[in-house]
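*Asks:* here's my sequence, what's the structure:
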Amino acid sequence: MGNITGFLQHTRELPHKRPVEERINDYNEFIERYSEEKLNQQAGRCMDCGIPFCHHGCPLGNIIPEFNDAVYRRNWKEAYDILNSTNNFPEFTGRICPAPCESSCVLGINQPAITIEEIEKHIIEIAFDKGFVQPKIPHIRTGKKIAVVGSGPAGLAAAAQLNYAGHLVTVFERDDAPGGLLRYGIPDFKLEKWVIDRRIALMGEEGIVFKCNANVGVNISVNDLLREYNAIVLAGGSTSPRDLNIPGRELNGVYYAMQFLKQQNKRVAGKDPLANADIESNIFHEELKATGKNVVVIGGGDTGSDCVGTSNRHGAVSVTQFELLPKPSASRTPYMPWPTYPMTLKTSSSHEEGAERHWAIATKSFVDDGNGNLKALKIVDLEWKITEDGRPASFVEVVGSEREIPCELALLAMGFVHPQHEGMLEEIGVELDERGNVKATEKEYQSNISKIFACGDMRRGQSLVVWAISEGRECARQVDEFLTGHSLLESKDEAVTLLQQYQPLVF
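*Replies:* Predicted coordinates for the structure are as follows:
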């Protein structure tokens, strides 16, 4: 490594954020960039650790020590080439990934881990600034036509890789612009949409065709796709939200998180927040705003956190977040050993902006104001039984803890159960697994219909953006082999092995 004592000279330091009182007045990203000196110091903390577990903590197998070393030496082109070899969209993961690589950082055993995610974001933004990011236009076309259904991170990654292999790729997106969850799920204050537009424009220059407002199984014929394309990649995501079927669920004021978040993203884009509302299985035709309301977010994950940040920007009277499970430990326990990903307490930037957080709470019912509107939640505290390995196993309600709290807007952010079955999947006739996802082989990504492949959340269930990109890349390799008998596209393991050959041997 460029600075073998860097981790002794400097500690972990994140970039500055705009003050809370300023940033809650807009929907712009608020994390600033490092100075060149700070970036150099943070990259220089990466150790010559011998076995870089960060490679394996990253679902993409990013070659992290090597790009850190290139950043320390200020060789931006080399850093970009290394990062780009395994990650098609570091501008996305550098902003919204929970960074499982950092949980596997060797330095993290007894010091704060390397700021890998921030360094990754800086590499790609510097690469764009310096003009290193150019369209990859294939020199030879195979003539094979591929339809990718869904333009979220999995679909975009599959499309990019298949285009690199020389195939003719068309991406079908049912909404009015590409991006999937990146565009109409993740708030702009975490990922501004010009970042997506910049990448989509580049992919268009590379020869990928995007067809929006193209809802396969509704206004695009499944039979036409089967007839016109040599292979189809299903990458539509896990879009059926988990519901909470308790008394009062039908009241005005109880909505899914994505109904709320999607509308806001459309507002920020200057679009009608109700446009194309009927393309979703969970139809809603009224505007949702948290302004002047007591908001309760049910669900403690990232989507719930996004609802918190958005509600604060709307001007909610109060924002409260409930989690069914007990409060996680603030640090690793003996049952979360390094280098596993620890289920520890996480405080997001949205939580920093203001919210009450409560754990081990169950919602018993939504309370009617007498006119069909939500006025309160009836809740109860839970007492959890913890297993010997520290896992919550079962719970009982705490006697006498039942109570009502005021609430005019309840947002269900409890995750997703599976892709939408109605329409395309039922018409195509692909098999589903026991969880309701598209059943596709673990290594080949192939469904029961030979020319149809599946990847991302549609295949593996709700997961991370970084996993979706990895799935899209791996699926593309299998489609390429299916069409041509071989593939020059690197798998995750091959990319890691190839670059590790350049590491000095450790004795």
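
*Asks:* so what does the longest helix seen in the chain touch, helix or strand wise?
*Replies:* Ranked by number of residues, the top helix in the chain under DSSP state H is helix 465-484. Helices and strands touching helix 465-484, by 3 or more CB pairs under 8 Å, 6 or more residues apart in numbering; DSSP states H and E, are helix 90-96, helix 153-164, strand 231-234, strand 452-454, helix 457-460, helix 492-500. The way it works is simple: take the backbone N, C-alpha and C, and place the C-beta from them, glycine included.

*Asks:* please repeat the previous calculation with a cut-off of 6 Å.
*Replies:* helix 153-164 (3 or more CB pairs under 6 Å, 6 or more residues apart in numbering; DSSP states H and E).

*Asks:* you'd agree residue 60 is up against residue 470?
*Replies:* Yes. Residue 60 lies in contact with residue 470 (CB atoms under 6 Å); the separation is 5.0 Å.

*Asks:* just give the number of residues close to the closest residue to residue 357 other than its chain neighbours.
*Replies:* Closest residue to residue 357 apart from its sequence neighbours, by CB to CB, 6 or more residues apart in numbering: residue 321 at 5.0 Å. Residue 321 has 26 neighbours, counted by other CB atoms under 10 Å.

*Asks:* now the longest helix of the chain: mean pLDDT?
*Replies:* Across helix 465-484, pLDDT averages out at 97.

*Asks:* give me the residues contacting it.
*Replies:* Helix 465-484 has contacts (CB atoms under 6 Å, 6 or more residues apart in numbering) with 59-60, 93, 96-97, 144, 153-154, 157-158, 161-162, 165, 230-231, 444-445, 453, 455-456, 487, 489, 491.

*Asks:* try stretch 30-39
*Replies:* So stretch 30-39 is in contact with 15-18, 23, 122, going by CB under 6 Å, 6+ apart.

*Asks:* hmm, try it at 7 Å
*Replies:* Applying CB atoms under 7 Å, 6 or more residues apart in numbering, the external contacts of stretch 30-39 come out as 13, 15-18, 23, 42, 71, 122, 189.

*Asks:* partner strands of the host helix or strand of the residue nearest to residue 357, parallel or antiparallel?
*Replies:* Assigned by DSSP states H and E, residue 321 belongs to strand 318-323. Sheet pairing of strand 318-323 (DSSP bridges) gives strand 294-298 (parallel), strand 356-359 (parallel).

*Asks:* what about the first one, distance to the chain center?
*Replies:* With CA atoms, centre = their mean, to the nearest Å as the basis, strand 294-298 stands 22 Å off its chain's centre.

*Asks:* same check on the shortest one?
*Replies:* Taking CA atoms, centre = their mean, the mean C-alpha location of strand 356-359 is offset from the chain mean by 23 Å.

*Asks:* check for me that residue 77 belongs to a helix.
*Replies:* Yes. Counting by DSSP: H, G, I helix; E, B strand; the rest coil, residue 77 is part of a helix.

*Asks:* pLDDT score for residue 492?
*Replies:* Residue 492 is given a pLDDT of 75.

*Asks:* what sits against it?
*Replies:* 60-61, 470, 474.

*Asks:* in TSV, list these along with neighbour count and distance to residue 139.
*Replies:* Shown next, in TSV, are the contacts of residue 492 (neighbours: other CB atoms under 10 Å; distance: CB to CB, whole Å):
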residue	neighbour count	distance to residue 139
60	26	26
61	25	27
470	25	27
474	23	24
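
*Asks:* on that earlier part again, just the buried residues of the contacts of helix 465-484.
*Replies:* 59-60, 93, 96-97, 144, 153-154, 157-158, 161-162, 165, 230-231, 445, 453, 455-456, 487, 489 (16 or more other CB atoms under 10 Å).

*Asks:* re the thing from before, what does the strand holding residue 321 contact?
*Replies:* With contact meaning CB under 7 Å, 6+ apart, strand 318-323 is reached by 294-298, 300, 304, 308, 311-312, 354-359, 361, 363.

*Asks:* returning to what we had before: closest to residue 198 out of the strands paired with strand 318-323?
*Replies:* Among the strands paired with strand 318-323, the nearest to residue 198 by CB to CB is strand 294-298 (31.1 Å).

*Asks:* C-terminal to the closest one, what's the next element?
*Replies:* Counting by DSSP H and E, what follows strand 294-298 is helix 302-314.

*Asks:* what's the distance between that next one and the middle of its chain?
*Replies:* Distance, centroid of helix 302-314 to centroid of chain: 16 Å (CA atoms, centre = their mean).

*Asks:* number the chain from 13, please
*Replies:* Sure, I'll start numbering at 13, so the last one becomes helix 314-326.

*Asks:* export that helix to CSV, keeping only CA atoms.
*Replies:* Coordinates of each C-alpha in helix 314-326 appear next as CSV, following Å, rounded to 0.1, in the frame of the first residue of the first chain:
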residue,chain,number,x,y,z
ASP,A,314,-34.0,2.0,5.3
THR,A,315,-37.4,2.7,3.7
GLY,A,316,-38.8,3.7,7.0
SER,A,317,-35.8,6.1,7.5
ASP,A,318,-36.6,7.6,4.1
CYS,A,319,-40.1,8.2,5.2
VAL,A,320,-38.8,10.0,8.3
GLY,A,321,-36.6,12.3,6.2
THR,A,322,-39.3,13.1,3.8
SER,A,323,-41.9,13.8,6.5
ASN,A,324,-39.5,16.2,8.2
ARG,A,325,-39.1,18.0,4.9
HIS,A,326,-42.9,18.2,4.5
